[in-house]
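> Here is the input, now give the coordinates:
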Amino acid sequence: MRRWGPHLGARPAGSGHMAEVTGPRLMVGALIRDPCDRVFVQRRSADRRLFPGCWDVVGGAVEDGESLAEALRREIAEETGWRLRRVLARVAHQEWSADGLRHIESDYVVEVAGDLSSPRLEADKHTEFAWIGAGDVSLLDENALLSGSTFIKDVVTAAHIWLADASGERGATH
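Take a look at the predicted model:
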């Protein structure tokens, strides 16, 4: 995993028209944790163009003129109805390609405010949700069968590794 690239406050340059984008598309992912250190995932609907039927984390493209933190805040609100409370750590920063476009994605462990038992899923985009504990990441193996990718499993695993390390540090300081 590379640790270079945009920081949370960085803003991408551009004219505001996606057709004119020549560089890689910046993406953010929110690895939303609950009080039990589980990570929220949602299943993409079967009619989605990219990764149909796959489990995914909350996230999407950074809009022109938007910081990474602003994009996280917007994507969380749009996809769940929850509010970003705090960003805990960046646990992944990777490049990937789809539809001939290069994407650079930064994934963050975050905490949100709202009713965690009742996300407001975008009905046309996501069909169900789950909270994944460290011992439950094998649920995400089906993504490899559907798409050939372990990306979501890898970032959820990275979040759990960070959460376990952070939990150990919290326990050592008390």
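> contact partners of the lowest-mean-pLDDT helix or strand in the chain?
Taking mean pLDDT, DSSP states H and E as the measure, helix 151-172 is the helix or strand of the chain with the lowest mean score, a mean of 89. Contact with helix 151-172 is made by 1, 29, 31, 33, 37, 39, 41, 54-57, 88-89, 91-92, 94, 96, 107, 109, 132-134, 137, 140-141, 143-144, as judged by CB atoms under 8 Å, 6 or more residues apart in numbering. Where C-beta positions appear, they are placed from N, C-alpha and C, glycine not excepted.
> Filter those down to the ones in helices?
Mapping the contacts of helix 151-172 onto helices (DSSP state H) picks out 143-144.
> Please state the offset of the least confident helix or strand of the chain from the chain centre?
Chain-centre distance of helix 151-172: 14 Å, with CA atoms, centre = their mean, to the nearest Å.
> Repeat that for stretch 116-124.
A distance of 15 Å separates the C-alpha centroid of stretch 116-124 from that of its chain, computed with CA atoms, centre = their mean.
> Can you pull out the residues in contact with that stretch?
If you take CB under 8 Å, 6+ apart as the criterion, stretch 116-124 is touched by 34, 40, 42, 45, 78-82, 127-129, 131.
> Farthest-apart pair in those, please.
Farthest pair in the contacts of stretch 116-124 (CB to CB) is Asp34 and Ser45. Separation: 23.6 Å.
> circling back: what would I type in PyMOL if I wanted to highlight the buried members of the contacts of helix 151-172 and nothing else?
Of those, the buried ones can be selected in PyMOL as follows, counting by 16 or more other CB atoms under 10 Å:
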select buried, resi 29+31+33+37+39+41+54+55+56+57+88+91+92+94+107+109+132+137+140+143
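> who's in contact with the nearest residue to Gln94 once chain neighbours are set aside?
Closest residue to Gln94 apart from its sequence neighbours, by CB to CB, 6 or more residues apart in numbering: Glu105 at 5.7 Å. Going by CB under 8 Å, 6+ apart, Glu105 touches 26-29, 59, 92-96.
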